[in-house]
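*Asks:* Need a 3D model of the following:
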Amino acid sequence: PGGGILVSSLGDDAVVLGAVALARMAVGDNPFKKQSIVHPTRDELKLDSSVVCCGEKNFKRDFYITVNGKCKAQKPSLSESKMGKIELNPGDLLKVCEGGPATLFIGTGLSAKKDSSSVELSERAALYLAQRKIDVELLSTPKAVKAYNAHEGRKAALIRVDS
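*Replies:* Alright, predicted model coming up:
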């Protein structure tokens with residue numbers, strides 16, 4: 001008994017999720033009940049002078065946090081233009097947005113002078129996020145750390161750390 005195999009336009013992730021749901025139903029579990037939802041554990045971000053701590057890792061350079069809570073160094077680091085501003089492009093957001101966060105927090109830097117105007121989204125980056133229905137919060141890094149820690153939903157972050 002059962003159906004055939006179909007090609008999924010959503011990609012391999014959809015196929016795997018469907019297989020997991022079928023397996024859970026086969027053992028008598030309802031994968032769609034709230035108690036069956038597994039939320040990733042995320043380390044709280046901490047700010048210590050010129051270092052941002054994510055769990056056991058300390059970052060002195062730019063880094064990002066994925067939806068599943070993994071902290072990784074941003075390679076290459078975000079580079080400033082001659083005007084001292086950073087313009088983010090879709091390529092800068094690909095890895096941080098994997099898994100589909102509802103909200104993306106972007107920390108613009110540690111110094112008091114680094115406000116949201118020091119980092120900008122290019123038109124293409126704004127379109128990339130809008131098409132995926134990802135809300136963006138451009139905040140100074142200290143404010144982004146607080147907002148990230150307080151947010152309960154699906155979230156990711158791209159954090160600029162001044163060197």
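*Asks:* Check for me that residue 104 belongs to a strand.
*Replies:* Yes: under DSSP: H, G, I helix; E, B strand; the rest coil, residue 104 falls within a strand.
*Asks:* isn't it right up against residue 134?
*Replies:* Yes: using Cβ atoms under 8 Å, residue 104 makes contact with residue 134 at a distance of 5.3 Å. Yep, even glycine has a C-beta here, placed from its N, CA and C like the rest.
*Asks:* how near is residue 29 to residue 13?
*Replies:* According to Cβ to Cβ, to the nearest Å, residue 29 stands 20 Å off from residue 13.
*Asks:* Show me which helix runs longest in this protein.
*Replies:* Longest helix of the chain, by residue count under DSSP state H: helix 12-26.
*Asks:* Show me how far the lowest-mean-pLDDT helix or strand in the chain is from its chain's centre.
*Replies:* Among the helices and strands of the chain, helix 12-26 carries the lowest confidence by mean pLDDT, DSSP states H and E, at a mean of 78. What separates the centre of helix 12-26 from the centre of its chain is 24 Å, taken as Cα atoms, centre = their mean, to the nearest Å.
*Asks:* This protein: strands as residue ranges?
*Replies:* 45-48, 51-54, 57-59, 63-65, 71-73, 86-88, 103-107, 119-121, 135-139, 155-159 (DSSP state E).
*Asks:* Could you dump these into CSV with mean neighbour count and mean pLDDT added?
*Replies:* Compiled in CSV, the strands of the chain are given as follows (neighbours: other Cβ atoms under 10 Å; pLDDT from 0 to 100):
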stretch, mean neighbour count, mean pLDDT
strand 45-48, 15, 85
strand 51-54, 20, 86
strand 57-59, 15, 87
strand 63-65, 24, 91
strand 71-73, 16, 88
strand 86-88, 20, 84
strand 103-107, 25, 93
strand 119-121, 20, 86
strand 135-139, 17, 93
strand 155-159, 26, 92
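*Asks:* Good, wrapping up.
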